[in-house]
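Asker: pasting the sequence and the predicted coordinates here, then a few questions.
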Amino acid sequence: MRHQRDNKDIQDEIVRLKRKYGKELVILTHHYQRKDIVDLGDFRGDSFGLSQKAAADSAARYIVFCGVHFMAESASVLAQKHQVVQIPDLEAGCWMADMADTHIVEKAWNEVSEIVGERSLTPIVYMNSDALIKAHCGRNGGAVCTSSNAPEAFKWAFDRREKIFFFPDEHLGRNTGNRLGITPSEMIVWDPEKKLGGNTEQMIRNAKLILWKGYCLVHTRFTEQDMKSLKETDPEALIVVHPECTQEVVALADAVGSTSYIVKYVADAPKGSTIAVGTEINLTKRLALEYPDKNVIPLKESLCPNMYKINPSKLLYTLENIGEYNRVVVPEETASDARLALDRMLDLPS
């Protein structure tokens, strides 16, 4: 059993171990991590960019990913053979990623393929998914996308085939479809708990975009009423939200984009402006500290409890057991197929 240490001792010991391992160790921190974790990391950012950065660093033997499990999986898929990927808490999962279990995805894919023909269907999978779903996508001619390049991924897919099956976030998929001018009648939702996803065969034939019924608990907490209430209180306030929010929230926002986009939006906003941020509260609080010349406020406090499972004590224990504790290993057969989908994403126009 681990003995209790105070925060200062924990932080000091983490810093000491970082110095000990030097360039052999890279600590990655996602934007949604708490401030005391971000302050101890080497890099912060979105999950895919962090994974790329670590994998490209040949000097790094140990990659410790302070984020949720699918992020560490992506780092493992991209990692070089001599690199070990660890996560401070294996229970730090992602509810949205878990909504697309590989077995039910395969079943749904087969059902749709039988109706419309496999040659008319391209899978596009959001980065926020586990390695098995990325591998399914790679095997079936599809690509991964991020919240930043989803429109480019959709255009790429439509240039190849008539239809897209998008996993696992219904809202990012719908917002991207709206942006590309796909009509509501051409978008259907696939509910895996219902026969044919809750659709008729004709609805499936008519659809251009099939959206898996998945969502982010952090971003679907924001509502139209939150937006309207803020604008009534402060009509001059700017509202920036993530595209995992519902289409109703997105329609009322002043700006919409990925976490990296949100960071840049706040940085570029005029001094003295009020910016309400519709994303995870730890990022919003940190932006408020980093830009004291602006009034950065949460649209609503929305915490990701899985991200919050990572704390300095768990990070320290990982570093004390470097290369051994909570290793994240993706089998090569899965990793190989997942890399196909990732490589196709990297070939998309920027």
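Answerer: Sure thing, it's come through. Numbering: from 1, shown residues only.
Asker: could you measure from the residue positioned nearest the centre of the chain over to Ile104?
Answerer: Among the residues of the chain, the one closest to the centroid is Asn128, at 4.1 Å (CA atoms, centre = their mean). Counting by CB to CB, to the nearest Å, the separation of Asn128 from Ile104 is 17 Å. The C-beta positions use only the backbone N, C-alpha and C, and glycine is treated the same way.
Asker: now the lowest-mean-pLDDT helix or strand in the chain - C-alpha only, PDB.
Answerer: Every helix and strand in the chain was compared by mean pLDDT, DSSP states H and E; the lowest is helix 47-55, with a mean of 85. C-alpha atoms of helix 47-55 as PDB (Å, rounded to 0.1, in the frame of the first residue of the first chain):
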ATOM      1  CA  SER A  47      -4.500  13.600 -28.200                       C
ATOM      2  CA  PHE A  48      -3.300  12.900 -31.800                       C
ATOM      3  CA  GLY A  49      -0.800  15.800 -31.900                       C
ATOM      4  CA  LEU A  50       0.700  14.600 -28.600                       C
ATOM      5  CA  SER A  51       1.000  11.000 -29.800                       C
ATOM      6  CA  GLN A  52       2.800  12.100 -33.000                       C
ATOM      7  CA  LYS A  53       5.200  14.300 -31.100                       C
ATOM      8  CA  ALA A  54       6.200  11.600 -28.700                       C
ATOM      9  CA  ALA A  55       6.500   8.900 -31.400                       C
END
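Asker: is it true that Asn295 touches Lys271?
Answerer: No - Asn295 is not in contact with Lys271 according to CB atoms under 8 Å; the separation is 10.2 Å.
Asker: who has more neighbours out of the two?
Answerer: For Asn295 against Lys271, the residue with the higher neighbour count under other CB atoms under 10 Å is Asn295, and the figures read 15 against 7.
Asker: tell me the bridge partners for the more buried one.
Answerer: Partner residues in beta bridges with Asn295: Thr274, with DSSP bridges as the criterion.
Asker: what sits against it?
Answerer: With contacts defined as CB atoms under 8 Å, 6 or more residues apart in numbering, Asn295 is in contact with Gly272, Ser273, Thr274, Ile275.
Asker: okay, domains of this protein per the record?
Answerer: 7-93+307-330, 97-216, 219-298 (automatic domain parsing).
Asker: tell me where the stretch 251-350 of the chain has helices.
Answerer: 259-268, 281-290, 312-320, 332-346 (DSSP state H, counting those that start in this stretch).
Asker: output the ones you listed in TSV, with mean neighbour count, distance to Arg61 and mean pLDDT appended to each entry.
Answerer: As requested, the helices of the stretch 251-350 of the chain are arranged in TSV below (neighbours: other CB atoms under 10 Å; distance: least, CB to CB, whole Å; pLDDT from 0 to 100):
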stretch	mean neighbour count	distance to Arg61	mean pLDDT
helix 259-268	17	27	96
helix 281-290	18	29	96
helix 312-320	20	13	97
helix 332-346	19	19	94
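Asker: okay if I get these as a markdown table plus distance to Gly177?
Answerer: Compiled in a markdown table, the helices of the stretch 251-350 of the chain are given as follows (distance: least, CB to CB, whole Å):
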| stretch | distance to Gly177 |
| --- | --- |
| helix 259-268 | 19 |
| helix 281-290 | 26 |
| helix 312-320 | 39 |
| helix 332-346 | 18 |
